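Colleague: Need a 3D model of the sequence below.
(2 chains)
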2 protein chains.
Amino acid sequence: MKIAIMGFGTVGTGVEEILYKKRDSLLKNNFDIKIEKVLIRNKSKKRSPLDGDLAFTDDFDEILNSDVDTVIDVTSSLEETYERIVKLMKTGKNIVTANKAVVSKYFEELNELAREKNIFFSYEAAVAGAIPVIHPIMEETFFSDMNKVQGILNGTSNYILSKMEVEGSSYDEVLKEAQDLGYAEADPTADVGGFDAMRKIRILSSLIYNAKINEEEIFTFGIQNVKKCDFDFAGERGYSIRLLAKSELAKGKINIYVIPTFIKDNFFAKTFGGTNGVKVWGENFSAYELKGPGAGKLETADAVMRDLLRVLARREIKTFYDAGNSYEVENNLKNKFYVRTCDVSEKLKDLIEEEKVLDDQHLIVTKEVSLDDLRDALGDLSKVFLAEIEEDL
Amino acid sequence: MKIAIMGFGTVGTGVEEILYKKRDSLLKNNFDIKIEKVLIRNKSKKRSPLDGDLAFTDDFDEILNSDVDTVIDVTSSLEETYERIVKLMKTGKNIVTANKAVVSKYFEELNELAREKNIFFSYEAAVAGAIPVIHPIMEETFFSDMNKVQGILNGTSNYILSKMEVEGSSYDEVLKEAQDLGYAEADPTADVGGFDAMRKIRILSSLIYNAKINEEEIFTFGIQNVKKCDFDFAGERGYSIRLLAKSELAKGKINIYVIPTFIKDNFFAKTFGGTNGVKVWGENFSAYELKGPGAGKLETADAVMRDLLRVLARREIKTFYDAGNSYEVENNLKNKFYVRTCDVSEKLKDLIEEEKVLDDQHLIVTKEVSLDDLRDALGDLSKVFLAEIEEDL
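Modeller: Residues are numbered from 1 along each chain as shown, chains lettered A, B, ... in the order given. Next comes the predicted model:
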């Protein structure tokens, strides 16, 4: 069973480590896996794989023209990787990818191509790390309509929020700490801006609804503007603040958004650190909840391994997602919201249910209002902190 | 794809309902499933399948001699069903079963027979209902050593415990209510005595450790003796009481037991009603947690459907469990315990860290002690309430 790996960063080294350390166990179960080549960008960089004979290359064509069965993609680039995956698929190679940006942006194209070429396209590692989410949901779609999914899908944001909550620290302090520890990137925008979570909720939702959702249609609001005073305000009312990615299909319309949320449930509000959590509602069960490490070397490699073994043993589901349904993305959810702004428009005044003034900041709980109307009343969101308020169930 | 069903109780009717209602969706995904026969005990009983043409029989041989590919077992008998499954397997039929008693008692025999006959043996529905637990763990065993698993695995017990906790009701009141609602059987021993949870932790643990564990080796203590005063005592100290099934493999020895537990974590202590929860520790991740409905018609049928489609599409894992490891079951865990007894022996006196006397009852927190020593000090357990105390992590 010949495979190749594209990328040898954190997750790539994790995959190599598992394949090396578990060689005996894998052999016993008839998995004789050989890593033919690892594609890297900089051949002169010192690397320390456990297998000293591991072959590195910076020439993509060596992988494209090889006879490997499956290529594991653990890169983080978008367009370049997409183009490469397409080329690999066209030569009949199965793909296992952890690249959520590519999966989210090109979900329809890649699933269609996999079907056309009759190969496997697996992406368990693209959502919620070690937690088995994608495959069980895939199975479920054959015989159960799921109409709602919510998640804490970005570990970095959750690390920052839960740390601010528990320790009472400032956003900047915790972000710097997360960056020092390697939990957050130098440019943290994808994480704290909600874009990473947005990609994951797009993948989960499209899978569940079998419908295309464009990334731009997803209302995405991050945590960059959150302050200690928001946690104080929430805490006084019994709420935690978490960045939730949520979608629901009702009456043929989809509401899908990533938004900080005041929440006091037993699941999301109790999710701390870099942990991810996913809650799925289906017609055969009220909901089930999955929680676990959403990132990390061995954690994400674990998900890659699940996919890899399924593909190599031909136990994977041949791609069935075909965007066969078409739903309008409505995004006009109605709820109470929390907003903090220094600029209270006349329109916003009409929406206030409760208000607290701290220096130049107005901390406001709105009446029940549609997100569209609220955005209209708020105007420019760049200086505002906004959160949906989820009543306790 | 011809199948048969043995049993047409709650879960059996759920499977028929899903197969009937989802026929179009299943067909679209190339599952043309026909229920050839349903085995029932009493042919004269009135039944209302959605498919009016569904064929019932009370003659097992009609199924044994049929050419069905897979037989779904949703019976609740033990020896009779075991013998039938063996006969079916010997004729090359794949088995999907929700019968935890059979799976637990004959795990080695059935896995061995499935290997010998090169067929599929699936039992997702035997543990934790709709929560996808067994299959993801199976996959994990190929490349990850898991050394610990814990669960709330019996919905009836959890319903009783969490209801007593929340409402302050008595054990007898809540049990009667559960029986009236159909959550508990007329003879609730298997549930409240911990035996159902014992079977499930045996299955999960054997799977993870690839080692045989005899049911009799599992220390099993139920909730029959719990009283309101135990919840008061626990609650004053910030604890909930839950019936946990736990096992751990350390230094080549297994500790495995079902025991009421004082707990204040964010997972088990926050599991209410008939919900099940499972927490698995593995070498590639700290732990992941799965929570959802542990029983119910469509909930359990959902798990049966996962297995069935995997088997019919030949995507299931061919049985690999071979009890290849052999570990001593030690069951000498050390911890603090809570005991309530009216009979305080001299040996028990030496173990007391904290004591409260209520009428003739002594409510005791022990020092750290081994379970063996504590049992020795307690003597007859039939009138005692016993719980392990898990310190907050």
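Colleague: which residues touch A:Ile203?
Modeller: Contacts for A:Ile203 (Cβ atoms under 8 Å, 6 or more residues apart in numbering or on different chains) come out as A:100, A:103-104, A:107, A:123, A:126-127, A:134. Just so you know, the C-beta spots here come from the backbone N, C-alpha and C atoms, and that holds for glycine as well.
Colleague: Tell me how far the residue of chain A positioned farthest from its centre lies from A:Ala377.
Modeller: When distances are taken from the C-alpha mean of chain A, A:Glu346 lies farthest, 37.1 Å away, according to Cα atoms, centre = their mean. The gap separating A:Glu346 from A:Ala377 is 8 Å, by Cβ to Cβ, to the nearest Å.
Colleague: cool, and A:Ala211?
Modeller: Distance of A:Ala211 to A:Ala377, computed by Cβ to Cβ: 31 Å.
Colleague: Likewise for A:Asp196?
Modeller: Shown here: A:Asp196 relative to A:Ala377, a distance of 28 Å by Cβ to Cβ.
Colleague: Comparing those two, which residue is more hemmed in?
Modeller: The residue with more neighbours, out of A:Asp196 and A:Ala377, is A:Asp196; 27 against 20, by other Cβ atoms under 10 Å in any protein chain shown.
Colleague: That one looks like it's in a helix, true?
Modeller: Yes: under DSSP: H, G, I helix; E, B strand; the rest coil, A:Asp196 sits within a helix.
Colleague: what's near enough to touch it?
Modeller: A:Asp196 neighbours (Cβ under 8 Å, 6+ apart): A:100, A:153-154, A:156, A:190.
Colleague: average pLDDT for whichever strand or helix holds A:Asp61?
Modeller: If you go by DSSP states H and E, A:Asp61 is part of helix A:60-64. What helix A:60-64 shows for mean pLDDT is 98.
Colleague: same question, stretch A:172-185
Modeller: Per-residue pLDDT over stretch A:172-185 has a mean of 91.
Colleague: Which positions within that stretch qualify as buried?
Modeller: Judged by neighbour count using 16 or more other Cβ atoms under 10 Å in any protein chain shown, the buried positions of stretch A:172-185 are A:174-175, A:177-178, A:183-184.
Colleague: Would you mind checking which of the residues you listed is nearest to A:Ile35?
Modeller: A:Tyr183 (28.1 Å; Cβ to Cβ).
Colleague: Show me where the stretch 51-200 of chain A has its strands.
Modeller: A:56-57, A:70-73, A:94-97, A:121-122, A:146-152 (DSSP state E, counting those that start in this stretch).
Colleague: now those strands in CSV, with mean neighbour count, mean pLDDT and distance to chain B?
Modeller: Shown next, in CSV, are these (neighbours: other Cβ atoms under 10 Å in any protein chain shown; pLDDT from 0 to 100; distance: least, Cβ to the nearest Cβ, whole Å):
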stretch, mean neighbour count, mean pLDDT, distance to chain B
strand A:56-57, 16, 97, 23
strand A:70-73, 27, 98, 14
strand A:94-97, 27, 98, 13
strand A:121-122, 27, 97, 12
strand A:146-152, 23, 97, 11
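Colleague: Mind putting the ones you listed into CSV with distance to A:Gln361?
Modeller: As requested, those are exported to CSV (distance: least, Cβ to Cβ, whole Å):
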stretch, distance to A:Gln361
strand A:56-57, 53
strand A:70-73, 45
strand A:94-97, 43
strand A:121-122, 47
strand A:146-152, 26
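Colleague: re the thing from before, which member of the contacts of A:Ile203 is positioned nearest chain B?
Modeller: Each of the contacts of A:Ile203 was checked against chain B using Cβ to the nearest Cβ; the closest is A:Ile134, at 11.0 Å.
Colleague: Quick check: the closest residue to A:Asn225 other than its chain neighbours vs A:Asp372, distance?
Modeller: In space, and not counting its chain neighbours, A:Asn225 is closest to A:Phe385: 4.2 Å by Cβ to Cβ, 6 or more residues apart in numbering or on different chains. From A:Phe385 over to A:Asp372 the distance is 19 Å, taken as Cβ to Cβ.
Colleague: Which one of these two is surrounded by more residues?
Modeller: Using other Cβ under 10 Å as the criterion, A:Phe385 and A:Asp372 rank with A:Phe385 on top: 22 against 14.
Colleague: for the stretch 151-300 of chain A, which spans come out with low pLDDT?
Modeller: For the stretch 151-300 of chain A, no stretch has pLDDT under 70.
Colleague: Kindly report the residues of it close to chain B.
Modeller: A:266-267, A:270, A:272, A:282-293, A:296, A:298-299 (Cβ under 8 Å from any Cβ of the partner chain).
Colleague: ok, now with 7 Å
Modeller: Residues of the stretch 151-300 of chain A lying close to chain B (Cβ under 7 Å from any Cβ of the partner chain) are A:266, A:270, A:284-293, A:298-299.
Colleague: Mind checking which of these are buried?
Modeller: Buried by 16+ other Cβ under 10 Å: A:266, A:270, A:284-285, A:287-293, A:298-299, out of these.
Colleague: ok, back up a step: ramachandran angles for the residue farthest from the centre of chain A?
Modeller: Phi and psi for A:Glu346, reported as degrees, to the nearest 10, are phi -60, psi -40.
Colleague: ok, which stretches of the stretch 51-200 of chain A are helices?
Modeller: A:60-64, A:79-90, A:100-105, A:107-117, A:134-141, A:155-167, A:171-180, A:189-192, A:195-209 (DSSP state H, counting those that start in this stretch).
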